[in-house]
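Colleague: missing the sequence, but the structure's below:
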């Protein structure tokens, strides 16, 4: 068997859609969508080849926001990279903090106290809710609903972000987790205001759903658009809501049971068709499950320390070794891979960004679709360019 | 029925529109420069240097140990150590920063300088209107511009400042007690040394403390 044949066989196994053939006699049109296109969530370019309205080819181009995060981290102390992780996926800085802290804790074998574990779960789930609300808002905005759902989402997000600010000091660049715990303790007043915000969340999701879920225009635009088959999604190592909308039951909170997620009862919502509508629905249901986790975690939070007593801020030198810490970030599997050579800075520091890897499958979802739907499919992937380019 | 979902959604927006006139909760925007939302106590924007008393140069807590300069992730702090020493809050002679500059345009407000400082000398400010028309001198703040009084610190972060003051006071008390004990020990020692030689005059040194 020749190399070419093996390759062809493999491609068949990947279940990729066949290459597009132009219809009729017209010329193909190549356009660059972005990097300044308002729908690209930052600076991202899609080189789209069109036959009329139909997408023939799509080449994603990124790197406009590259800022050398991994290399800078290899030259800096372990702690000094923590504020930079806020800037990866700037919508979910607390999730990023957790993933990095988890990797370093694995590397040095630190234990995190009970109370800090609960705080981490509460903050991560609040982060997930505000990320999904905002991402649905942007998705609907790209569909042409000029602002209303986005404003409702941001009104609710604002309350969660205020909680973050009153605890960590910053709305988006939280820089809150530390190796072996958290930076400052939550007060009773903060927990009380968190309970108030969480109590208001189900009404918000209901309102959001009444506004959107059965809306005929939304259904006409979303259903059957940008279908991603389960086996192709698995082969492309897609993770997060994008994968679960295709019907694959894979949630790292259930698979790894990192932190204390084994103590909470929650379900993993799965889609059926893998289209844009399923992704929207999976995100809405995930918000509801996150609210369930919060309702269990907030009353159960124990008293106690928030830092491992052996943890130290300065002079942090892990023993030589390697570790990979991963969490279920709102956008998918976020992992940090670290190699230590015993020096104060990591020998190798690598981020597994869910946004970038979910984006690699964009072309396969867009082939044969109308150019107006490309914007929609791209929005349903839910990326942040800070994480794609790093 | 086709259009039912749209009508349901329209009812929701109508509810929100009418609600924004009666419910504070549904109207979240403020007219910024005239109206302001109070900042949170934990809010952090840019570091400042704390000084005790009324003279910033004399009361500066910073001892130019340069730990913050080393730990700062974007390296926005520049410190030059002094040649001479001045007494700190305990009375111990310490170095002070002959130069202490922070670049506003480089600082990313991460608070790591505050966390690593062993002398409670650098804290985060809540002042966020830092824009200036001079992009060279205006964005590089020197130690005089960075120095803020302890009273100011108490005003912006009351809880945190009280904790810091309690810690510093206990440190000061411990240092004074230690100094006293050391002085007494020294006095006792000299008294002991004086005893075996009766030729010397009466041990009056012991009573001086």
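Modeller: Perfect, thanks for sending it. Keep in mind the model is a prediction, meaning the values are calculated, not measured.

Colleague: Near residue 76, how many other residues are there?
Modeller: Since no chain was named, I'll use chain A. If you count neighbours by other Cβ atoms under 10 Å in any protein chain shown, residue A:76 ends up with 21. The C-beta positions use only the backbone N, C-alpha and C, and glycine is treated the same way.

Colleague: I was after chain B.
Modeller: When neighbours are defined as other Cβ under 10 Å, residue B:76 has 20 of them.

Colleague: ditto for the one 5 residues further on
Modeller: Counted with other Cβ under 10 Å, the burial measure for residue B:81 works out to 13 neighbours.

Colleague: Need the phi and psi values for it.
Modeller: Its backbone dihedrals place residue B:81 at phi -80, psi 150, with angles given as degrees, to the nearest 10.

Colleague: First-to-last residue distance for stretch A:160-174?
Modeller: One end of stretch A:160-174 sits 13 Å from the other (Cα to Cα, to the nearest Å).

Colleague: Any buried residues in it, and which?
Modeller: A:160-161, A:163-171, A:173-174 (16 or more other Cβ atoms under 10 Å in any protein chain shown).

Colleague: try stretch A:267-277
Modeller: Burial within stretch A:267-277, assessed by neighbour count using 16+ other Cβ under 10 Å, is assigned to A:268-271, A:273-277.

Colleague: Name the surrounding residues that touch the helix or strand containing residue B:145.
Modeller: With the criterion set as DSSP states H and E, the secondary-structure element containing residue B:145 is helix B:143-146. Judged by Cβ atoms under 8 Å, 6 or more residues apart in numbering or on different chains, the contacts made with helix B:143-146 from elsewhere in the structure are B:47-49, B:56, B:60, B:97, B:99-102.

Colleague: I'd guessed residue A:141 sits against residue A:149; true?
Modeller: Yes. With contacts defined as Cβ atoms under 8 Å, residue A:141 counts as touching residue A:149 at a distance of 7.3 Å.

Colleague: More neighbours: those two, which one.
Modeller: For residue A:141 versus residue A:149, the count of surrounding residues by other Cβ under 10 Å is larger for residue A:149: 26 against 19.

Colleague: give me the element residue A:138 is part of.
Modeller: Here residue A:138 is assigned to helix A:114-143, by DSSP H and E.

Colleague: Whichever helix or strand comes after that helix near chain B at all?
Modeller: Remark: after helix A:114-143, the chain's next helix or strand is helix A:148-168, criterion DSSP H and E. Yes. Residues of helix A:148-168 contacting chain B under Cβ under 8 Å from any Cβ of the partner chain: A:148, A:152, A:155, A:158, A:162, A:165-168.

Colleague: Turn those residues into CSV, columns for pLDDT.
Modeller: Compiled in CSV, these are given as follows (pLDDT from 0 to 100):
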residue, pLDDT
A:148, 82
A:152, 85
A:155, 86
A:158, 88
A:162, 90
A:165, 90
A:166, 90
A:167, 90
A:168, 89
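
Colleague: on that earlier part again, and of the buried residues of stretch A:267-277, the nearest to chain B?
Modeller: Closest approach between the buried residues of stretch A:267-277 and chain B, by Cβ to the nearest Cβ: residue A:277, at 12.6 Å.

Colleague: could you check the angle helix A:148-168 makes with the host helix or strand of the closest one?
Modeller: With secondary structure defined by DSSP H and E, residue A:277 is part of helix A:276-300. For helix A:276-300 and helix A:148-168, the angle between their directions (axes from the mean of the first three to the mean of the last three Cα atoms, to 10 degrees) works out to 30 degrees.

Colleague: Excluding sequence neighbours, find me the nearest residue to the most centrally placed residue in chain A.
Modeller: To find the centre residue of chain A, average its C-alpha atoms and take the closest one (Cα atoms, centre = their mean): that gives residue A:331, at 1.6 Å. Counting by Cβ to Cβ, 6 or more residues apart in numbering or on different chains, the nearest residue to residue A:331 once its immediate chain neighbours are dropped is residue A:354, at 4.3 Å.

Colleague: For the one you found, which residues are in contact?
Modeller: With contacts defined as Cβ under 8 Å, 6+ apart, residue A:354 is in contact with A:239-240, A:329, A:331-334, A:387.

Colleague: Show the buried residues in those.
Modeller: Of the members of these, the ones counted as buried by neighbours, 16+ other Cβ under 10 Å, are A:239-240, A:329, A:331-334, A:387.

Colleague: taking these one by one, which sit in helices?
Modeller: When the buried ones among the contacts of residue A:354 are checked against helices (DSSP state H), the matches are residue A:387.

Colleague: Of the buried ones among the contacts of residue A:354, which is the nearest to residue A:319?
Modeller: Closest to residue A:319 out of these is residue A:334 (24.8 Å), distances taken as Cβ to Cβ.

Colleague: State the phi and psi torsions of the closest residue to that closest one other than its chain neighbours.
Modeller: In this structure, residue A:334 finds its nearest non-sequential neighbour in residue A:99, 4.6 Å apart by Cβ to Cβ, 6+ apart. Recorded main-chain torsions at residue A:99 are phi -60, psi -40, according to degrees, to the nearest 10.

Colleague: Could you pull up the residues touching residue A:99?
Modeller: Taking Cβ under 8 Å, 6+ apart as the test, what residue A:99 contacts is A:85, A:325-327, A:329, A:334-336.

Colleague: Narrow those to those in strands?
Modeller: Using DSSP state E, the members of those that fall within strands are A:325-327, A:329, A:334-336.

Colleague: what residues does the stretch 151-300 of chain A put near chain B?
Modeller: Close to chain B, as judged by Cβ under 8 Å from any Cβ, the stretch 151-300 of chain A has residues A:152, A:155, A:158, A:162, A:165-170, A:173, A:175, A:183-184, A:207, A:210-219.

Colleague: can we see that at 6 Å?
Modeller: Those residues of the stretch 151-300 of chain A that sit near chain B, judged by Cβ under 6 Å from any Cβ of the partner chain, are A:155, A:158, A:165-166, A:169, A:175, A:207, A:210-211, A:214-216.

Colleague: Select only the buried ones of the residues you listed in ChimeraX?
Modeller: Here is the ChimeraX command that selects the buried residues among those (16+ other Cβ under 10 Å):
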select /A:155,165,166,169,175,207,210,211,215
